[in-house]
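**Student:** Prediction below, plus the sequence it came from.
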Amino acid sequence: QVQLVESGGDLVQPGGSLRLSCAASGSIWSINTMGWYRQAPGKEREERELVAKITNTGSRNYANAVKGRFTISRDNDKNTVYLQMNSLKPEDTAVYYCNLAQKIMNEMVDFWGQGTQVTVSS
C-alpha cells in the first residue's frame, strides 16, 4: 500500500504563486510516475484532469492549460513531488490531487492523496 500526503493549497490572488508538495510512503517501487490532477468545482471524480506528471527518470508531461506557468519536479530520495504554480488564474481553482502510478504484478495501479484546495480569487 502507498500513502500520499499533499500540502500547500491555499487562497491566492490572480497572478500569484503557490507550491504544492506531496510526500509518498509505503510500498513504493523505484519505477513509477508521480503527478498532479485537479477536479474543478462541480465536476465529478471521473472528470478529474491531468495537470502534470513526471517519471522517476525525470520525463515530464503538462496539460496545455498550464504549460509555461506550472513546473513539476520530484526528489526521488524523499519520494516527494512538487508543483510550482505561477501566474495563477481563477480557472486554476480546483482540488489538486497527488497521484502515484506503478506497476504491480504486471498491472498499473494508481494511488491517490486526499486532495488540497487551491482557490484563485481576488
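**Tutor:** On my side now, so go ahead. This is a predicted model, so every value here is computed, not measured.
**Student:** Next, Arg45: phi, psi?
**Tutor:** Here the main-chain torsion angles of Arg45 (degrees, to the nearest 10) amount to phi -60, psi -40.
**Student:** bridging residues for the residue lying closest to it once chain neighbours are set aside?
**Tutor:** In space, and not counting its chain neighbours, Arg45 is closest to Gln39: 6.7 Å by Cβ to Cβ, 6 or more residues apart in numbering. (Each C-beta comes from the backbone N, C-alpha and C, glycine too.) Residues in a beta bridge with Gln39, per DSSP bridges, are Val95.
**Student:** what number of residues lie near Gln39?
**Tutor:** Neighbourhood size, Gln39 [other Cβ atoms under 10 Å]: 17.
**Student:** what's the answer for Asn61, then?
**Tutor:** Neighbour count of Asn61, defined by other Cβ under 10 Å: 14.
**Student:** go on, Thr119?
**Tutor:** 16.
**Student:** Pretty sure it sits against Thr93.
**Tutor:** Yes - taking Cβ atoms under 8 Å as the definition, Thr119 is a contact partner of Thr93 at 5.2 Å.
**Student:** quick one, what contacts the residue nearest to Ser30 when sequence neighbours are not counted?
**Tutor:** Among residues not flanking Ser30 along the chain, Asn56 sits closest, at 6.3 Å (Cβ to Cβ, 6+ apart). Neighbour list for Asn56: Ser30, Ile31, Asn32, Thr33, Arg74, Asn76 [criterion: Cβ atoms under 8 Å, 6 or more residues apart in numbering].
**Student:** Roughly how far does the residue located most distally from the centre of the chain sit from Thr55?
**Tutor:** Computed with Cα atoms, centre = their mean, the residue of the chain farthest from its C-alpha average is Met105, at 24.8 Å. Here Met105 is placed at a distance of 20 Å from Thr55 (Cβ to Cβ, to the nearest Å).
**Student:** Show me the residue at the heart of this protein, geometrically.
**Tutor:** Trp36 (1.8 Å).
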